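Engineer: here are the coordinates; sequence isn't available:
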Ligand SMILES: Nc1ncnc2c1ncn2[C@@H]1O[C@H](COP(=O)(O)OP(=O)(O)OP(=O)(O)O)[C@@H](O)[C@H]1O
Ligand SMILES: [Mg+2]
């Protein structure tokens, strides 16, 4: 239930509302920066003002719902429900459906890039981190005072400008907290407010989640790159979601929705597992009606060896099952064949070729096993600060360009 307003006289409404309307209302209100109780009140006012018949909403299985309304509004809703010969639950559902129809989501504020693979050690953290850095760093013309050396160089600079300079949120969604550690952040201790609180216990959250998103050091990021550190409580996220009352697949989206307007991209470093927490990340990556294809989806690091192919198969099964269950589409934006070392011979080269031959999803890059990545991790320094001109940093810029929204 939304919290009672400060000042003004309001009365409590306790009724029922279908889960999808409750969910849509919460997300849309958060996206538009409107208090839920004001959205419901506005919907009821619009509903009261309608004269013609309104489409029936399927209210079977509606779940309890509460909010606060201006004094007398619920009474007026009930009176008109009686006049129109509809149940109070139907009247409220129609009012909320009307509000949603009249308040479409703003142009999609942030694309969501979920870097995932339940196989451990394939480079999810390395790629989330450096992809986010590539998107956030200063555009090249702001980095270098030397004029473009050639037309090719000028074209590359222009292409890079188109993807750099973005406001990026990097989310450490892995309880292991490697990403947080590598960028010099401490994981949030158990019991303290974190992303997990905002996913599972919103009523206990005291701060805006945006306040927990800390700037990543590095002049080249110009304060545009922020990160939500890992939390020890995330170890219990799957079991917390089992008990969660509400649409658990949307728990991550509900927590992050209020932040979307502050960022151009949200990059999520996933844990090496396939559970309910991962389902909520996959669901968050789904294509939204208001965004262009290719905006949001999965970036999948793999290795050039056989077990990686099996792991990929499992991830895709899980993704397809989720997409079927919720009638959504989850785009695989591309694979990154990571830690490639041709000295490993036939297994490595033939596996790489198989990944490339897949065609869909495309291989965004074949990244070699490079020392700068490991050194940057050891130094707890972002790769783009530690070795901005390294081959790896350039490959990450190339991946960011390939992920450019068409
Ligand atoms: N291209 C690369 N070259 C060299 N080292 C790399 C490269 N990519 C990743 N690594 C290193 O390999 C190790 C595993 O990478 P990383 O932690 O990114 O994998 P992960 O998939 O996130 O692992 P986990 O499943 O445990 O979360 C790290 O030490 C990382 O620095
Ligand atoms: Mg990791």
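Structural biologist: Here it is on my side, so go on. Every value quoted in this text rests on a predicted model; they were computed, and no experiment measured them. Ligands and ions are numbered 1, 2, ... in the order given.
Engineer: now do the helix or strand hosting residue 30: which elements does it pack against?
Structural biologist: For residue 30, the enclosing helix or strand under DSSP states H and E is helix 19-32. If you count contacts as 3 or more C-beta pairs under 8 Å, 6 or more residues apart in numbering; DSSP states H and E, helix 19-32 packs onto helix 36-49, strand 63-70, helix 88-102, helix 251-256. No exception for glycine: its C-beta is placed from N, CA and C like everyone else's.
Engineer: so which of the ones you listed is the most packed in?
Structural biologist: helix 251-256 (a mean of 24; mean count of other C-beta atoms under 10 Å).
Engineer: average model confidence for that one?
Structural biologist: What helix 251-256 shows for mean pLDDT is 93.
Engineer: give me the contact list for the helix holding residue 30.
Structural biologist: By C-beta atoms under 8 Å, 6 or more residues apart in numbering, the surrounding residues in contact with helix 19-32 are 17, 35-36, 39-40, 57, 61-63, 65, 93, 96-97, 99-100, 103, 105-106, 109, 246-247, 250, 253-254, 257-258, 260-261.
Engineer: right, and the helices and strands packed on helix 19-32 - which one's nearest residue 370?
Structural biologist: Taking C-beta to C-beta, helix 251-256 is the member of the helices and strands packed on helix 19-32 nearest to residue 370, at 31.4 Å.
Engineer: what is that closest one packed up against?
Structural biologist: helix 19-32, helix 195-200, helix 276-284.
Engineer: in JSON lines, list those helices along with mean neighbour count.
Structural biologist: As requested, the helices and strands packed on helix 251-256 are exported to JSON lines (neighbours: other C-beta atoms under 10 Å):
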{"stretch": "helix 19-32", "mean neighbour count": "18"}
{"stretch": "helix 195-200", "mean neighbour count": "24"}
{"stretch": "helix 276-284", "mean neighbour count": "24"}
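Engineer: nearest to residue 11, of the helices and strands packed on helix 19-32?
Structural biologist: strand 63-70 (6.1 Å).
Engineer: who does that closest one touch, helix- and strand-wise?
Structural biologist: strand 10-17, helix 19-32, helix 36-49.
Engineer: buried residues in stretch 65-85, which are they?
Structural biologist: Residues 65, 67, 68, 69, 70, 73, 74, 77, 81 are the ones in stretch 65-85 that count as buried (16 or more other C-beta atoms under 10 Å).
Engineer: contacts only, for residue 271.
Structural biologist: Contacts of residue 271 (C-beta under 8 Å, 6+ apart): 173, 174, 175, 176, 234, 277, 278.
Engineer: how about the third one: what's its closest non-neighbour residue?
Structural biologist: Spatial nearest neighbour of residue 175, excluding adjacent residues (C-beta to C-beta, 6 or more residues apart in numbering): residue 234 at 3.7 Å.
Engineer: residue 127 too?
Structural biologist: residue 301 (5.0 Å).
Engineer: report the contact partners of the one you found.
Structural biologist: Residue 301 neighbours (C-beta under 8 Å, 6+ apart): 115, 117, 122, 123, 124, 126, 127, 335, 336, 338.
Engineer: does it belong to a helix, a strand or coil?
Structural biologist: strand (DSSP: H, G, I helix; E, B strand; the rest coil).
Engineer: roughly how far apart are it and residue 387?
Structural biologist: Computed as C-beta to C-beta, to the nearest Å, the residue 301 to residue 387 distance reads 19 Å.
Engineer: and for residue 379?
Structural biologist: Where residue 387 is concerned, residue 379 sits at a distance of 10 Å (C-beta to C-beta).
Engineer: residue 294 now?
Structural biologist: Residue 294 is 29 Å from residue 387, by C-beta to C-beta.
Engineer: out of those two, which sits in the busier spot?
Structural biologist: residue 387 (19 against 15; other C-beta atoms under 10 Å).
Engineer: show the pLDDT at the more buried one.
Structural biologist: Predicted confidence (pLDDT) for residue 387: 96.
Engineer: if I pick the residue nearest to residue 130 when sequence neighbours are not counted, what's in contact with it?
Structural biologist: Spatial nearest neighbour of residue 130, chain neighbours left out: residue 396 (4.1 Å); criterion: C-beta to C-beta, 6+ apart. Residues in contact with residue 396, defined by C-beta under 8 Å, 6+ apart, are 127, 130, 131, 133, 134, 383, 384.
Engineer: number of residues surrounding the first one?
Structural biologist: Looking back up the chat, that one is residue 127. There are 27 residues near residue 127, going by other C-beta under 10 Å.
Engineer: the last one now?
Structural biologist: Neighbour count of residue 384, defined by other C-beta under 10 Å: 26.
Engineer: center of the chain - which residue?
Structural biologist: residue 112 (4.5 Å; C-alpha atoms, centre = their mean).
Engineer: looks to me like it is in a helix.
Structural biologist: No. Assessed with three-state DSSP, residue 112 is strand; it does not lie in a helix.
Engineer: tell me which residues of the helix or strand containing residue 325 are tucked away?
Structural biologist: Using DSSP H and E, residue 325 falls within helix 306-326. Residues of helix 306-326 classed as buried by neighbour count (16+ other C-beta under 10 Å): 308, 311, 312, 315, 318, 319, 322, 323, 326.
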